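S.K.: whatever this is, show me its structure:
(one chain, ligands or ions: 2)
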Amino acid sequence: MKHEKNAPNSPAAPTLAQLAAGTPPPNAFDPVAEARGLETPDKDPDLCGPEGEVYAPDPLALAGARAHPLIAGTAVHLVTFGCQMNKYDSEMVAGLLNERGAGFVEDPAEAQLLIFNTCSVRGHAEDRVYGRLGALKARKRRDPGFLIAVMGCMAQKEGEHIAKRFPFVDLIVGTRQLHEFGQLLTRVREGAKTPLVAIEEKPDVQFGETVARRESKELAYLTVTRGCNKRCTYCVVPYTRGPEVSRPVAEILSEARRLVDDGVAEIMLLGQTIDTYGYDLGRDKANLPLLLKELHDVKGLERVRFITSHPEECQADLWRTMHDLGDKVMPFIHMPAQAGSDAVLRRMARGYTRARYLEVVAEARKLCPEIEIASDWIVGFSGESDADFAQSLSLLDEVRPQSSYVFKYSVREGTPAQRLPDDVPEDIKKERHRVLSERQEQIALEKNRERIGVVERVLVQGPSKTDPGRLTGRSRTHRLVHFAGGPEWAGRFADVKITGATALSLTGERA
Ligand code: 5AD
Ligand code: SF4
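M.R.: Ligands and ions are numbered 1, 2, ... in the order given. Below is the predicted model of the structure:
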């Protein structure tokens, strides 16, 4: 997402009287600046790739009945690090603040409330937040009314530490108390002792009827499970997000209908291991194939996809369902392999072998022939030898994913792998990262070239970032497609005949 500096007509800070009166000051927020204000600097995908533009459908129009005197009129800037789960949480918290009358500003320097939604999955994501917090100390000293909030995974895991190291932070909200953000902010404004730390492990997060303030008009995230019951030895998620909790089908359907009413055409379902959706509710009552069938019947919803798949949990029934519902369910899965050597997979406690991963891929492709697969890989995990790494490369060659995210192993405190030596030198990690990424790029280019001549159905996102005269959209297999057309195509479907390909995208013309 682009961050534009110097948004025009920056909002004036509301006076205390205006805050108390419960109405936003007139003309406080410029509509251009309003369309921004959610920032996602993090290009490291966690559940899947980053995407989307900032979008805000006249947010202040939503503020009304639920406007809160201590929140209305507040100029907010929200920065999101990490995965789609975090983006979803940010969009819901932004929606919740919107309902209470807050507005959003593009420039963090103009915000009266700066929120960081944080990620713990790798060390450098945490370091960047610490850096940005440290840089705010002087501003906070100058302007004590300026509020700083930290939410999400780091808040959950490092809340007490953040409170000690950055005592000028006002609010720290963990992953399971996000729905209480409004009340907590009110308590800070009422004079509660700060930093106010809210990191209790509540059983579930209930955003109620809140409509997300989304980055994109036509695409929306929808969380269906929170937390993870796996224990991959390198991963911090089970500790930051707790055990897996599924949302009931009816609740998901009503959120999906609200999104469709709000103009959404494509929904991306989110879960850390989405294949186990519903297991805690009773598998016969709620499971992923059943949820896809129910969503398929939602009128006005054009496309559904889901992330992330765990190779050990995928069932044949899912591939059949994807194929049968192929008019709406997108034939695309993100199923991380992580490594190609059985010894490494065992140390990672992934629960499958290389042979099993290949079997799952073969079954998926047999039952849903159109399916495309994306993967994640960790290079330089504890004890990974040259021979182990060669196995990752050869698995990549055998599977030929459409795309992959490659990560250098980063030791996370509190994970089982912390007890294993981090014994692959940084320069070797770097080199393996380069080799695997380049090999994936080559495969992506070859696979994309195979699409030349095919007509792709594209959901248009809007003008291309690099060339405003052209449009950008996504095909059914989530490939980026560029073609010529005017802005009136935004949010609509177009049939595009593919004429060119790079590793990252396709180009074409309207069929
Ligand atoms: N170090 C490096 N990469 C990691 N991932 C998760 N934990 C770590 C870690 N400690 C990667 C995995 C996962 C993705 C979300 O992030 O590949 O699929
Ligand atoms: Fe982490 Fe493994 Fe759970 Fe994915 S399945 S969130 S890698 S513990």
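S.K.: could I get the full set of strands for the stretch 1-150 of the chain?
M.R.: 38-39, 75-80, 103-104, 113-118, 147-152 (DSSP state E, counting those that start in this stretch).
S.K.: could you dump the ones you listed to JSON lines with mean neighbour count?
M.R.: The way it works is simple: take the backbone N, C-alpha and C, and place the C-beta from them, glycine included. Compiled in JSON lines, these are given as follows (neighbours: other CB atoms under 10 Å):
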{"stretch": "strand 38-39", "mean neighbour count": "26"}
{"stretch": "strand 75-80", "mean neighbour count": "24"}
{"stretch": "strand 103-104", "mean neighbour count": "27"}
{"stretch": "strand 113-118", "mean neighbour count": "28"}
{"stretch": "strand 147-152", "mean neighbour count": "25"}
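S.K.: taking the stretch 1-150 of the chain, what residue is nearest to ligand 2?
M.R.: Val121 (8.0 Å; CB to the nearest ligand atom).
S.K.: burial count for that residue?
M.R.: By other CB atoms under 10 Å, the residues close to Val121 number 22.
S.K.: what's the answer for the one 10 residues further on, then?
M.R.: As a burial measure, the neighbour count of Gly131 was computed by other CB under 10 Å and equals 9.
S.K.: cool, and Ala192?
M.R.: Neighbour tally, Ala192, other CB under 10 Å: 14.
S.K.: mind checking what secondary structure the closest residue to ligand 2 within the stretch 301-450 of the chain has?
M.R.: Going by CB to the nearest ligand atom, ligand 2 is nearest to His310 of the stretch 301-450 of the chain, at 5.5 Å. Three-state assignment for His310 (DSSP: H, G, I helix; E, B strand; the rest coil): coil.
S.K.: which residues touch it?
M.R.: Going by CB atoms under 8 Å, 6 or more residues apart in numbering, His310 touches Lys230, Thr273, Asp275, Thr276, Met335, Gly351.
S.K.: pLDDT score assigned to it?
M.R.: His310 is assigned a predicted lDDT (pLDDT) of 97.
S.K.: measure it to Leu393 for me?
M.R.: Separation of His310 from Leu393 (CB to CB, to the nearest Å) stands at 22 Å.
S.K.: so how far is Tyr279 from the residue of the stretch 301-450 of the chain closest to ligand 2?
M.R.: Distance of His310 to Tyr279, computed by CB to CB: 12 Å.
S.K.: go on, Val379?
M.R.: Distance of Val379 to Tyr279, given as CB to CB: 31 Å.
S.K.: helices along the stretch 1-150 of the chain, start to end?
M.R.: Along the stretch 1-150 of the chain, counting by DSSP state H, counting those that start in this stretch, helices occupy 16-21, 31-34, 59-62, 84-99, 123-134, 137-142.
S.K.: for the chain, name the helix or strand with the lowest mean pLDDT.
M.R.: Within the chain, no helix or strand scores below helix 31-34, which has a mean of 32 by mean pLDDT, DSSP states H and E.
S.K.: quick one, domains of the chain?
M.R.: Segmentation of the chain into domains, based on automatic domain parsing, reads 16-198, 455-510.
S.K.: now do the phi/psi pair for Arg257.
M.R.: Here is the backbone geometry of Arg257 (degrees, to the nearest 10): phi -70, psi -40.
S.K.: get me the contact residues on the stretch 251-400 of the chain for ligand 1.
M.R.: With the criterion set to CB under 6 Å from any ligand atom, the stretch 251-400 of the chain comes near ligand 1 through Pro336, Gln338, Asp376, Ile378.
S.K.: which regions of this protein sit below the pLDDT cut-off?
M.R.: 1-66 (pLDDT under 70).
S.K.: next, the buried residues of stretch 420-438.
M.R.: Within stretch 420-438, the residues scored as buried using 16 or more other CB atoms under 10 Å are Leu420, Asp422, Val424, Ile428, Lys429, Arg432, His433, Val435, Leu436.
S.K.: what do you get for stretch 275-289?
M.R.: Asp275, Thr276, Tyr277, Gly278, Tyr279, Leu281, Ala286, Asn287, Leu288, Pro289.
S.K.: can you redo those as TSV with secondary structure?
M.R.: Below are these laid out as TSV (three-state DSSP):
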residue	secondary structure
Asp275	helix
Thr276	helix
Tyr277	coil
Gly278	coil
Tyr279	coil
Leu281	coil
Ala286	coil
Asn287	coil
Leu288	helix
Pro289	helix
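S.K.: from the residues you listed, which is closest to ligand 1?
M.R.: Nearest to ligand 1 among these: Asp275, at 14.3 Å, using CB to the nearest ligand atom.
S.K.: who's in contact with the closest one?
M.R.: So Asp275 contacts Leu288, Ser309, His310, Glu313, Cys314, Gln315, Leu318 (CB under 8 Å, 6+ apart).
S.K.: please name the nearest non-neighbouring residue to it.
M.R.: Glu313 (3.7 Å; CB to CB, 6 or more residues apart in numbering).
S.K.: near ligand 2, which residues of the protein?
M.R.: Counting by CB under 6 Å from any ligand atom, the residues of the chain that sit close to ligand 2 are Cys228, Lys230, Cys232, Cys235, Val237, Pro238, Gln272, Thr273, His310.
S.K.: could you pull out the strands in the stretch 351-500 of the chain for me?
M.R.: Ranges of strands in the stretch 351-500 of the chain, per DSSP E, counting those that start in this stretch, are 372-379, 403-408, 455-463, 470-474, 480-484, 493-501.
S.K.: that older thread, out of the residues of the chain next to ligand 2, which comes closest to Leu219?
M.R.: Using CB to CB, Gln272 comes nearest to Leu219 of the residues of the chain next to ligand 2, at 20.2 Å.
S.K.: show me what contacts the closest one?
M.R.: Going by CB under 8 Å, 6+ apart, Gln272 touches Leu47, Met85, Thr225, Gly227, Cys228, Lys230, Val237, Arg241, Glu244, Thr308.
S.K.: ok, the fourth one touching Glu244?
M.R.: Yes. Taking CB atoms under 8 Å as the definition, Gly227 is a contact partner of Glu244 at 4.6 Å.
S.K.: let's have the residues of the stretch 251-400 of the chain next to ligand 1 in CSV, adding distance to Ser404.
M.R.: Below are these laid out as CSV (distance: CB to CB, whole Å):
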residue, distance to Ser404
Pro336, 9
Gln338, 11
Asp376, 7
Ile378, 11
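S.K.: pull out the buried members of those residues.
M.R.: Pro336, Gln338, Asp376, Ile378.
S.K.: what's the closest of these to ligand 1?
M.R.: Taking these together and measuring to ligand 1 by CB to the nearest ligand atom, the closest member is Asp376, at 3.4 Å.
S.K.: what's near enough to touch the residue nearest to that closest one when sequence neighbours are not counted?
M.R.: Spatial nearest neighbour of Asp376, chain neighbours left out: Pro336 (3.5 Å); criterion: CB to CB, 6+ apart. Residues in contact with Pro336, defined by CB under 8 Å, 6+ apart, are Thr308, Pro311, Ser375, Asp376, Trp377.
S.K.: just the helices in the stretch 251-400 of the chain please.
M.R.: 288-296, 316-324, 342-348, 354-367, 386-399.
S.K.: gap between the residue lying closest to Thr353 once chain neighbours are set aside and Val105?
M.R.: Closest residue to Thr353 apart from its sequence neighbours, by CB to CB, 6+ apart: Asp342 at 5.1 Å. Relative to Val105, Asp342 is positioned 52 Å away (CB to CB).
S.K.: can you check Glu294 too?
M.R.: On the measure of CB to CB, Glu294 and Val105 end up 39 Å apart.
S.K.: same check, this time on Ala265
M.R.: For Ala265 relative to Val105 (CB to CB), the value is 28 Å.
S.K.: now swap in Leu358 and tell me
M.R.: Relative to Val105, and taking CB to CB, Leu358 is found at 50 Å.
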